[in-house]
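> Quick one: sequence and predicted model below, then my questions.
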Amino acid sequence: DRFRNGVCRSRFCAMEIAYFLRDDVHAGTPSLCVVRWILSDAATGPAASRKNISVADVTCAFLHASMEGEPPLYVIVPEGMAPPGYRCLLKVALYGTRRASYLWGECVGTALVDKGGFTRLKGCPQAYWHPQKNVTCCVHGDDFWSSGSHESLVWLGVFLGEHFKVKLYTEVGPGLEQTAHFLNRELRLTRLGYELHPDRRHVKTSAKNLGLETAKPVAAPMVKDGGQKLGDVLDRLNDADTLVYQQETGRMLYLAVDRYDVQYAVRVLAQYLKEPCRLHLLKLKHLVKYLLGTANWCWCFYWQEEPAGGIFNGWSDSDWAADAGTRKSVSSGFLCWGRHVLDFWTSGQQVVALSSGEAEFYSAGKLIAHALFLIYLLMEMRRICRVRVWLDSSAARGILQRAGPGRIRHLQTRFLWVQERVKEKTVLVGAVPGAENGADLGTKVLDGTRVRYLSKKVGLGPSPFESGEEEPARGPRTKVPRLKL
């Protein structure tokens, strides 16, 4: 099993002992919304200006980074690799050493900025933009994800090959490759645009470990009070079943990063990792059965025109006092560029809201924070954008568009900064009917029909080329009010 195509993959690593704490060893990774933005930007605009996507994989990435200027680091090598009693001085960053990932990130930055002419974005140091060639690139570990014209991406491939040991370079576009893989996700090019498919192996692995390989799929990721009639539903799981529950819930947490429709269910399951009962295991199995029937769902990034006015659209919703124990509310929302969903989340609120309007206001604040990250990032790329927030709560819209807490004296003042953004017109506010609010997908337990309706509105669903549909799932559409600027 260790051999693939006759090659055994291995890595030479060291183990550096942490004798003291250090703050200069962190090397972050780009947010997935940046990855989706690059894909959305490639699929947006007139046909003549649409871009291709390239994926590059650098082998032995850390070994490209020099240890010059670093404190000397000596390694005890395995027996037979050096004379007895000798120690080896590292000249390059080695896997397992504390500064290796940081040095590799700086090595990439130096090459792209000083030699390639890229601009390193301050809001996301792993993202780069080339103003002359109009290439946008983000680096996740040793993987490069880029968008640009065919000529620009050919230049980028040659440039990366000159400065790094590139194992794989794939360009997806018309007349080129039709598929590529990035972070175990599959990118597909269709006649309608791009599709981004989550890693399906997680569903198959969980089904196998839970004995559900031949189980019948269900319509929704969670049902209300499932299994409550069983007499032993609240019995603690034994150690073996507890371990399985923890492992498979962790796998679902990883999958939920790409599946907005299951984030609420996974959040509920994750609350009981320490002491799960049989009821929680039944809920986990129900979720896996749902995923078996929706394993082919993907995010659709089909061709679209540039959004008018450079405006992001975001939807947010909350479920007031959803947690029966703490009475804290649940926030959920998603952010779009045209019809393309760039970011989505489901999370618990930090404070107890005393009304549904207050809970909706806190949820809108989280949406605005996510939007401002992309707005400031695009500002570094000389693009001026704004965001329109769609809410189904008139009370929350009223709080956003006034100054101060008003009669809600207990309102957390640390959230009132959003009112300043609304006043300066960086954030616009709109109304959406509750039945059409796609953010409801991440706030509560819904039936299968409602889950599929809302999933289609946010651009998540089976590929029309796999399901036989003629038209792709469309993004959220709401009547836009005339703005008074």
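That came through fine.
> What lies in contact with stretch 163-179?
51-61, 64, 111, 115, 150, 153-154, 157, 160-161, 180, 186-189, 194 (C-beta atoms under 8 Å, 6 or more residues apart in numbering). From N, CA and C alone the C-beta is placed, and that goes for glycine too.
> Quick one, which of the residues you listed are buried?
Among those, those buried by neighbour count (16 or more other C-beta atoms under 10 Å) are 51-58, 61, 64, 111, 153, 157, 160, 180, 187-189, 194.
> out of the residues you listed, which are inside strands?
52, 53, 54, 55, 56, 57, 58, 180, 187, 188, 189, 194 (DSSP state E).
> what comes up buried for the longest helix belonging to the chain?
When the chain is parsed with DSSP state H, its longest helix is helix 356-379. By 16+ other C-beta under 10 Å, the buried positions in helix 356-379 come out as 356-368, 370-375, 377-378.
> Would you state the helices of the stretch 301-450 of the chain in chain order?
Ranges of helices within the stretch 301-450 of the chain are 356-379, 394-400, 417-423, 448-457, based on DSSP state H, counting those that start in this stretch.
> what residue ranges in the protein score low on pLDDT?
Along the chain, the parts satisfying pLDDT under 70 run over 1-4, 226-231, 467-485.
> separation between the nearest residue to residue 277 once chain neighbours are set aside and residue 279?
Excluding its sequence neighbours, the residue lying closest to residue 277 (C-beta to C-beta, 6 or more residues apart in numbering) is residue 234, at 5.2 Å. Counting by C-beta to C-beta, to the nearest Å, the gap from residue 234 to residue 279 is 6 Å.
> do the same with residue 457
On the measure of C-beta to C-beta, residue 457 and residue 279 end up 31 Å apart.
> more crowded one of these two?
Each of residue 457 and residue 279 has its neighbours counted (other C-beta atoms under 10 Å); residue 457 has more, 23 against 19.
> Quick one: residues contacting the closest residue to the more buried one other than its chain neighbours.
Nearest non-adjacent residue to residue 457, counting by C-beta to C-beta, 6+ apart: residue 438, 4.5 Å away. If you count contacts by C-beta under 8 Å, 6+ apart, residue 438 has them with 315, 334, 454, 457, 458, 476.
> just the strands in the stretch 1-150 of the chain please.
Shown for the stretch 1-150 of the chain, the strands assigned by DSSP state E, counting those that start in this stretch span residues 3-4, 7-8, 52-58, 74-75, 88-89, 119-120, 127-130, 135-140, 143-148.
> starting at the chain centroid, how far to the second one?
What it means is strand 7-8. Going by C-alpha atoms, centre = their mean, to the nearest Å, the spacing between the C-alpha centre of strand 7-8 and its chain's C-alpha centre is 32 Å.
> Describe which strands that strand pairs with in its sheet and in which direction.
If you go by DSSP bridges, strand 7-8 pairs up with strand 3-4 (antiparallel).
> again with the fourth one
On the basis of DSSP bridges, the sheet neighbours of strand 74-75 come out as strand 88-89 (antiparallel).
> ok, and what's touching the strand it pairs with?
Contacts for strand 88-89 (C-beta under 8 Å, 6+ apart): 72, 73, 74, 75, 77, 82.
> ok, how many other residues are close to the residue nearest to the last one when sequence neighbours are not counted?
Of all residues beyond its chain neighbours, the one nearest residue 82 is residue 88 (6.2 Å), with distances taken as C-beta to C-beta, 6+ apart. The number of residues packed near residue 88 is 14, by other C-beta under 10 Å.
> now the one 4 residues further on
With neighbours defined by other C-beta under 10 Å, the count for residue 92 comes to 17.
> For it, which residues are in contact?
62, 63, 64, 65, 66, 67.
> Now list the buried members of those residues.
Among those, those classed as buried by 16+ other C-beta under 10 Å are 62, 63, 64, 65, 67.
> Report the two of these separated the most.
By the measure C-beta to C-beta, 64 and 67 form the most distant pair in the buried ones among the contacts of residue 92, at 11.6 Å.
> And residue 233, its phi and psi?
phi -70, psi -30 (degrees, to the nearest 10).
> Would you agree it is in contact with residue 279?
Yes: if you go by C-beta atoms under 8 Å, residue 233 and residue 279 touch, sitting 4.5 Å apart.
> Can you report how many residues neighbour the nearest residue to residue 216 once chain neighbours are set aside?
Nearest residue to residue 216, sequence neighbours excluded (C-beta to C-beta, 6+ apart): residue 289, at 7.0 Å. Neighbour count for residue 289, taken as other C-beta under 10 Å: 19.
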